[in-house]
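structure of the sequence below:
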Amino acid sequence: MNFDERASDILKRAENYRDETARFLSEMVRIKSYSGEEEEICKYIASLCDNLGFDEVRIDNLGSVLARIGNGKKILAIDAHVDTVEVGDLSQWNRNPFSGDIENGLVHGRGSSDQKGGAAAMLSSGRILKDLNYDGDWSVWFAFTVMEEDCDGMCWKYLIEEEGLVPYFILSTEPTSCRLARGHRGRMEMELSLKGVSAHGSAPERGDSAAYKAARAALAIEELNEELKPDEEGFLGKGSIVVSKLDAKGPSQCAVPDVGSLYMDRRLTWGENAELAIGQVKEKVRHVLGVDSVDCVMPNYEKTGWKGTRYSQELYFPTWKTEEGHPLIQAGIRAYKSLFAKTPLVDKWTFSTNLVSASGRHGIPGIGFGPGDEREAHAPNEVNRIEDLVICSAFYVSLVYALEGVEVGS
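Numbers count the residues shown, from 1 in each chain. Here you go, the predicted model:
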């Protein structure tokens, strides 16, 4: 069977599994799975993988489910995180956020797009690979990962550095509206600490208000955001910085605050890194406050996973992109064209994904293709299209075959 004939067969099989794929997603939406609380959904997914005949199924010590198909010497990883953000203000939802309702071609509920839809499509693509008795160049590892919403990429830092699972290529199934994504900006978090001198509130002139320093520093950060430049290629766009939290306090409510702080979210375009970003903040705030030095640091994240393993990393998530001419991107284009007889749009994500670790931190070539839309992420009344699930189920299988014969490291 040639590649195009194979693609036609794959698409028919994905269509045949349409209802089952939607049911997988519906069942996963009904399982609440906030970061660090993914035990139930991970055990459900592991059981499904066993029942669908995956060649190997295990759960790592951080809690992610790893399911393999194929015995090739090359490793391809396909990733979906299975934790979700919380639901927020319930009054903004038109139905139960965990209903998993299937209606009018949509699956409803928290996580349907971000990003249990990708996980559902992965399950059906694995089933199709088993139906086709795949025995090619690749060992395909389907990773259903944890704690992404709290600390994107930490699960893959753990997999690569602690578990030793180092793929040659990686595909993220975060929502892309069924477009190819080949990069996104990185991000980091920063905390600026400021000191003042307290005094009684009846005589503020005797003190040095850390609150006013924090306010001036925040306005300087607003100015810095306007000064940031886009990447040279113009692909990822400009970096950004925003003050996400401002705090000041003193000995009492009737005192001049003597300590203040700003917490900042910084998005990093190509060519920007943590050292540069921290330096920019320090320079800007030193200038506006007229001081020789300021204290600005990158905080650390630490959390215990549902299996009891405690893990941590600094809150730095490097920028990544894969060049459009790379064999992985070209294989993705070929896989899509074989299925749908048209060229896919190759674009980027606005938000951040687990590829900040695999591709940004560890340099593994990455690609994105997922069901649903970015705008559904973290929003009330989240939905995903069942048609997208079918498209993605077929694409993941087709990509595996499109990668046959591709030289690793080329």
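
per-residue pLDDT of Glu407, please?
Note for Glu407: predicted pLDDT of 85.

ok, now Val65?
Looking at Val65, the pLDDT reads 98.

neighbours of the closest residue in space to it that isn't next to it in sequence, just the number please.
Nearest non-adjacent residue to Val65, counting by C-beta to C-beta, 6 or more residues apart in numbering: Phe144, 4.1 Å away. C-beta coordinates here come from the backbone N, C-alpha and C atoms, glycine included. Neighbour count for Phe144, taken as other C-beta atoms under 10 Å: 30.

Phe144 bridge partners, please.
Assessed by DSSP bridges, Phe144 has beta-bridge partners Val65, Ala80.

these two touch, right, it and Ser64?
Yes: Phe144 lies in contact with Ser64 (C-beta atoms under 8 Å); the separation is 6.3 Å.

who touches both of these two?
Cys42 (C-beta atoms under 8 Å, 6 or more residues apart in numbering).

which residues in the stretch 101-250 of the chain form strands?
Counting by DSSP state E, counting those that start in this stretch, one finds strands in the stretch 101-250 of the chain at the ranges 102-103, 106-108, 138-145, 169-172, 180-181, 183-184, 186-195, 240-249.

dump those to CSV, plus distance to Glu86.
Shown next, in CSV, are the strands of the stretch 101-250 of the chain (distance: least, C-beta to C-beta, whole Å):
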stretch, distance to Glu86
strand 102-103, 23
strand 106-108, 17
strand 138-145, 19
strand 169-172, 22
strand 180-181, 26
strand 183-184, 23
strand 186-195, 19
strand 240-249, 17
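
what strand or helix carries the residue nearest to the spatial centre of the chain?
Nearest residue to the geometric centre of the chain (C-alpha atoms, centre = their mean): Thr353, 2.0 Å. Assigned by DSSP states H and E, Thr353 falls within no helix or strand.

wait, what's in contact with it?
148, 152-153, 172, 174, 184, 368.

from the residues you listed, which is closest to Lys307?
Glu148 (16.1 Å; C-beta to C-beta).

any idea how far Lys116 is from the closest one?
12 Å (C-beta to C-beta, to the nearest Å).

neighbour count winner among those two?
Neighbours around Glu148 and Lys116, counted as other C-beta under 10 Å, are more numerous at Lys116. The numbers are 35 against 27.

isn't the more buried one right up against Glu27?
No: the pair Lys116 / Glu27 is not scored as a contact, 9.4 Å apart, by C-beta under 8 Å.

the residue lying closest to Gly53 once chain neighbours are set aside: neighbour count?
Nearest non-adjacent residue to Gly53, counting by C-beta to C-beta, 6+ apart: Lys130, 4.8 Å away. Number of residues near Lys130 (other C-beta under 10 Å) recorded here: 15.

does Lys130 touch Arg68 like I think?
No: under the criterion of C-beta under 8 Å, Lys130 makes no contact with Arg68, lying 11.2 Å away.

overlap in contacts of those two?
Taking C-beta under 8 Å, 6+ apart as the contact rule, Lys130 and Arg68 both touch Phe54.

lovely, talk soon.
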